[in-house]
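*Asks:* Sequence first, then the predicted structure, then my questions.
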Amino acid sequence: MTRIIAAIPTMAFVVIGAFVLLSLAPGDAVDAYLAQTGGSGGAGDDLRRRWGVGGSPPERMAAFAAGIFSGHLGQSIVHGRPVLDVVMERLPVTLTLMGLSLALAVGLGGALGLVAGARPGAPRDRALSASALIVNAIPNFWLGLLLMLLLAVRAPLLPVGGLQTLGAPLTGWSAVIDRAQHLVLPTLALGLGYVALSMRALRAGMAETWRADHVRAARALGHRRRSLVWRAVARPAILPVVVLAGQQAGTMIGGSVVVETVFAIPGMGRLAFEAVSGRDPPLLVGVVLVSTVLVLAINLIVDLTLARLDPRIGAADA
């Protein structure tokens, strides 16, 4: 309960900041609409009255606050619907993409880190570390375009984008398999960079743990290196990986904006792009608010997991 109460000022700061920044940007929703449709500027005043985007900054802030406390987060100018309804439609897609990417990052990154950290300085450790450095240096949007070119254009193994095959009335397992195929490329584009981070974090933790006194003592007593890797070396090094996973979940939301736009995925990231391009402050604030709640919830889960893995952390918090 204490952490939830402490998160309220953070949420308020993020929401007000997003509203103010978009409000200070040049133009409004009417200007964006006229630019996209090629309409004349003479209809702007009428559209502003109908859409309720006129008025002074204090008046817009008051209308925005009324929408927030109404329970539906206000009315989206771009979609013409309550913001909460629009966000809740897109949220499951982003949660699925984030979950798959995070599982890839922790699972594959942890496995590679375990292999690299088992023998720090060995040829396989150097090869994996160099590969992780290269992958980590590639922007996720460029990686997405590269994967699209290799696996969807030159070798048509996977769909280019979207969430399902258009015009194909699929049901049951066929629909599940089709959806999974469409999510492979976005998951790789979003998750591979975090695979490299997880691998490097676990490898660094294991390399440091090998020099710990209890590991040296165990090796002096004749314990086999293979038995020490998991029981004495890898387990203490997992804690930084858990912390990193919580941080990755937050940055993945930002990365999903680019990935969902590149692959035409109708998630919250693409919705944020639509809100900015359409100058829709209520919609953008709704996306930011839900994303902030999601990040805070993930961080709370990470804290509880750390306390479970290491009781000393829970005792210190108490």
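*Replies:* Cool, got the structure.

*Asks:* Tell me the first helix or strand C-terminal of the helix or strand where residue 126 lies.
*Replies:* Using DSSP states H and E, residue 126 sits within helix 123-137. The element immediately downstream of helix 123-137 (helix or strand, assigned by DSSP H and E) is helix 140-148.

*Asks:* Tell me the helices and strands packed up against that next one.
*Replies:* helix 172-209, helix 235-262 (3 or more Cβ pairs under 8 Å, 6 or more residues apart in numbering; DSSP states H and E). C-beta: built from backbone N, CA, C; applies to glycine.

*Asks:* Name the nearest residue to the spatially most central residue of the chain, ignoring sequence neighbours.
*Replies:* The residue lying closest to the centre of the chain (Cα atoms, centre = their mean) is residue 252, at 2.1 Å. Leaving out its chain neighbours, the residue that sits closest to residue 252 by Cβ to Cβ, 6 or more residues apart in numbering is residue 98, at 5.1 Å.

*Asks:* out of the helices and strands packed on helix 140-148, which comes closest to residue 74?
*Replies:* Checking these against residue 74 by Cβ to Cβ gives helix 235-262 as the closest, at 20.8 Å.

*Asks:* Tell me the helix or strand right after the closest one.
*Replies:* Using DSSP H and E, the helix or strand that follows helix 235-262 in sequence is helix 268-277.

*Asks:* Run the chain-centre distance for that following helix.
*Replies:* In terms of Cα atoms, centre = their mean, to the nearest Å, the centre of helix 268-277 is set 14 Å apart from its chain centre.

*Asks:* Going by neighbour count, which residues in it are buried?
*Replies:* Within helix 268-277, the residues scored as buried using 16 or more other Cβ atoms under 10 Å are 268, 269, 270, 271, 272, 273, 274, 275, 276.

*Asks:* residue ranges for the helices of the stretch 1-150 of the chain, please.
*Replies:* Taking DSSP state H, counting those that start in this stretch as the criterion, the stretch 1-150 of the chain carries its helices at 2-24, 29-37, 44-51, 57-69, 83-118, 123-137, 140-148.

*Asks:* got CSV for those, with mean neighbour count and distance to residue 211 too?
*Replies:* Compiled in CSV, these are given as follows (neighbours: other Cβ atoms under 10 Å; distance: least, Cβ to Cβ, whole Å):
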stretch, mean neighbour count, distance to residue 211
helix 2-24, 13, 35
helix 29-37, 16, 58
helix 44-51, 14, 64
helix 57-69, 14, 53
helix 83-118, 20, 12
helix 123-137, 14, 15
helix 140-148, 17, 35
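
*Asks:* just to revisit the earlier point, show me which of the buried residues of helix 268-277 is closest to residue 202.
*Replies:* Among the buried residues of helix 268-277, and counting by Cβ to Cβ, the member closest to residue 202 is residue 269, at 27.6 Å.

*Asks:* per-residue pLDDT, the closest one?
*Replies:* Per-residue confidence (pLDDT) for residue 269: 85.

*Asks:* now it: how far from residue 142?
*Replies:* Counting by Cβ to Cβ, to the nearest Å, the separation of residue 269 from residue 142 is 17 Å.

*Asks:* Out of the helices and strands packed on helix 140-148, the one nearest residue 68 is which?
*Replies:* Taking Cβ to Cβ, helix 235-262 is the member of those nearest to residue 68, at 20.1 Å.

*Asks:* before we move on, the earlier item: out of the helices of the stretch 1-150 of the chain, nearest to residue 245?
*Replies:* helix 83-118 (5.4 Å).

*Asks:* what ranges of this structure fall below the confidence cut-off?
*Replies:* By pLDDT under 70, the low-scoring segments of the chain are 1-4, 6, 22-23, 25-57, 59-60, 64, 67, 167-170, 309-318.

*Asks:* list the contacts for the residue of it positioned farthest from its centre?
*Replies:* Farthest-out residue of the chain from its mean C-alpha position, per Cα atoms, centre = their mean: residue 221, at 45.5 Å. By Cβ atoms under 8 Å, 6 or more residues apart in numbering, the contact set of residue 221 is empty.

*Asks:* For stretch 157-170, which residues meet the burial criterion?
*Replies:* Buried residues in stretch 157-170, defined by neighbour count with 16+ other Cβ under 10 Å: 158, 159, 161, 163.

*Asks:* what's the answer for stretch 200-210, then?
*Replies:* Those would be 200, 201, 202, 203, 204, 205, 206, 207, 209, 210, for stretch 200-210 by 16+ other Cβ under 10 Å.
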